[in-house]
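*Asks:* pasting the sequence and the predicted coordinates here, then a few questions.
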Amino acid sequence: MPETLRDAGYVTGLVGALKWDIGSWNQGPLDRGFTEMALHPPRTEPTIFGGGSTYLGVDGSYLTEVEGQYVLEFLERHGKRRDKPFFLYFAPLAIHIPHTEVPKKYLKRLYPEHTEKEYSKRQYLQANLLALDDQIGRMIKKISELGIKENTLVMFSSDNGGDPLADHRPDPYRGGKNTSKEEKTNLYMQWEGNYRMPTIVTFPGTLPAGKEYKGMASTMDFYATAVAVAETELPQHCEGKNLLPLLMEKKNPNPDETLFWNTHGTEASRWKQWRIVKYNKKKNWHSEKNHNKQTNWRLYDIDKDPAEKIDLAAEKPDIVREMSQRYDAWLKQMPQPRSPVKPPKHMLAHTKDGNKARHPFGRGWMTVEEWDKIKDDPTKWSEMYMRPLYRLQPNVEKDSPLSYVGP
């Protein structure tokens, strides 16, 4: 997506958690289409979460607020330009765990009458949400102040459903991200609550306010939608649909649209209101040759039964047959893993330790031009895991200023 938009004449920026779990070490953001990225300040020494602290090595700073400031800096630089449009990917670490390191000011705003010594997990979660909401509010306000509100498409979503173990609640849907503490498996992840997430789209000059879209959509559609707004071509290998005609009610949802999943022991598909799923806690990935054929498909009507309590497979075998045949056809054309258990590393959505990638030292902003000058000099960057809970290399100076690095 950043490569396509860059080639279409856009400034492409990234702010936030470097959850870059795919690709190889030489495929970091500045190698894959982003022309600018905001570097995280180094984290503090190990605190309460296995060495990964969301507080930073700058007195009085909190990661969510620093990320919000980076967003404003990007908008100030590029929002006023009329010669070059911009694309910004803002991927804040919040509301990812750990939640307990949120500044107390957010807890006090939400719970001014709180007298207990400790706060609950749910209260910490809501404080993280408030901190994030503040930064999104600052972003929207800045877009309005710059006079570009009518011409700016904003898409807000998440990369997965809620985490029940962190007291996220995907109600009325069942399950969510993370494993079952009792069974030490990915049990929760087979249900709709792991794959379904809220999505908000605003485009004041184009989309009517207050409308609700009832059809299915996925993050693949964000790419196709952005490409349509940029008036350029979607690469042939990319799936996804332009959401704007659907959101504007100029086009009806495709009644035959089907989505597929195959990960963490779960095989699943959605079509209309129907969802088929099978789960094997011993498997992480199912190849076309050896997918979980020994387990029967279950069928749920998500509209009537969002908690997936009533298996309708025996009652509606024709629907199960139709959906399972579509799933088998989809799986057959997918690249196959090197073993029947899991795919090659570059195909895993999430790996245990994350993938390594080159990441320049320092913090503040780095442009692709500046990166091109140093990327072949190993003294200028670290080979770090691109996962948000890993600390940067310890030789990064903690007192270096937040600054824009570039020409």
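*Replies:* Received the coordinates, thanks.
*Asks:* please report how far the residue located most distally from the centre of the chain lies from Arg298.
*Replies:* Most distant from the centre of the chain: Glu315, at 36.6 Å, with distances by CA atoms, centre = their mean. In this structure, Glu315 and Arg298 are 12 Å apart, going by CB to CB, to the nearest Å. Quick note: C-beta positions are derived from backbone N, CA and C, even for glycine.
*Asks:* just give me the longest helix of the chain.
*Replies:* The longest helix of the chain (DSSP state H) is helix 121-145.
*Asks:* name the residues that touch that one?
*Replies:* 62, 64-65, 67-68, 71-72, 75-76, 79, 90, 92, 94-95, 99-100, 102-103, 106-107, 109-111, 114, 119, 149, 152, 154, 156, 166-168 (CB atoms under 8 Å, 6 or more residues apart in numbering).
*Asks:* can you check stretch 299-315 too?
*Replies:* Outside stretch 299-315, the residues that touch it by CB under 8 Å, 6+ apart are 172-175, 191-192, 270, 273-277, 296-298, 316, 319-320, 323.
*Asks:* what helix or strand is the most centrally placed residue in the chain on?
*Replies:* The chain has Asp159 as the residue nearest its centroid, 3.1 Å off, counting by CA atoms, centre = their mean. If you go by DSSP states H and E, Asp159 is not part of any helix or strand.
*Asks:* where does the stretch 201-350 of the chain have low pLDDT?
*Replies:* 281-294, 336-350 (pLDDT under 70).
*Asks:* ranges for the strands of it?
*Replies:* Shown for the stretch 201-350 of the chain, the strands assigned by DSSP state E, counting those that start in this stretch span residues 258-263, 266-271, 274-279, 298-301.
*Asks:* angle of the second one against strand 274-279?
*Replies:* In this case it means strand 266-271. 170 degrees (axes from the mean of the first three to the mean of the last three CA atoms, to 10 degrees).
*Asks:* show me what strand 266-271 is packed up against.
*Replies:* Helices and strands touching strand 266-271, by 3 or more CB pairs under 8 Å, 6 or more residues apart in numbering; DSSP states H and E, are strand 258-263, strand 274-279, helix 317-332.
*Asks:* what about the closest residue to Glu239 other than its chain neighbours, how many residues nearby?
*Replies:* Excluding the flanking residues, the one nearest Glu239 by CB to CB, 6 or more residues apart in numbering is Met220, at 5.2 Å. Met220 is flanked by 13 other residues according to other CB atoms under 10 Å.
*Asks:* from Pro85, how far off is Met220?
*Replies:* From Met220 to Pro85 the distance is 22 Å (CB to CB).
*Asks:* just to revisit the earlier point, deepest of the strands of the stretch 201-350 of the chain, which one?
*Replies:* strand 266-271 (a mean of 23; mean count of other CB atoms under 10 Å).
*Asks:* so Ser218 sits against Thr258, correct?
*Replies:* No: counting by CB atoms under 8 Å, Ser218 stays clear of Thr258, with 11.1 Å between them.
*Asks:* show me where the chain has its helices.
*Replies:* 2-7, 63-78, 104-110, 121-145, 192-195, 220-229, 244-247, 317-332, 368-374.
*Asks:* any idea which of those helices is most buried?
*Replies:* Greatest average neighbour count among the helices of the chain goes to helix 192-195 (a mean of 25), per mean count of other CB under 10 Å.
*Asks:* and that one, what's its mean pLDDT?
*Replies:* Helix 192-195 carries an average pLDDT of 88.
*Asks:* now do stretch 98-112
*Replies:* Averaging pLDDT along stretch 98-112 yields 90.
*Asks:* distance between it and the chain's centre?
*Replies:* Centroid displacement of stretch 98-112 relative to its chain, using CA atoms, centre = their mean, to the nearest Å, is 24 Å.
*Asks:* end-to-end on it?
*Replies:* 22 Å (CA to CA, to the nearest Å).
*Asks:* same thing with stretch 72-89?
*Replies:* Calculated as CA to CA, the first-to-last residue distance of stretch 72-89 is 13 Å.
*Asks:* what do you get for stretch 269-278?
*Replies:* Per CA to CA, stretch 269-278 runs 10 Å from first to last residue.
*Asks:* then stretch 211-227?
*Replies:* 22 Å.
*Asks:* for Leu30, grab the count of nearby residues.
*Replies:* Leu30: 24 neighbours (other CB under 10 Å).
*Asks:* that one against Ala38, yeah?
*Replies:* No: using CB under 8 Å, Leu30 makes no contact with Ala38, being 11.6 Å away.
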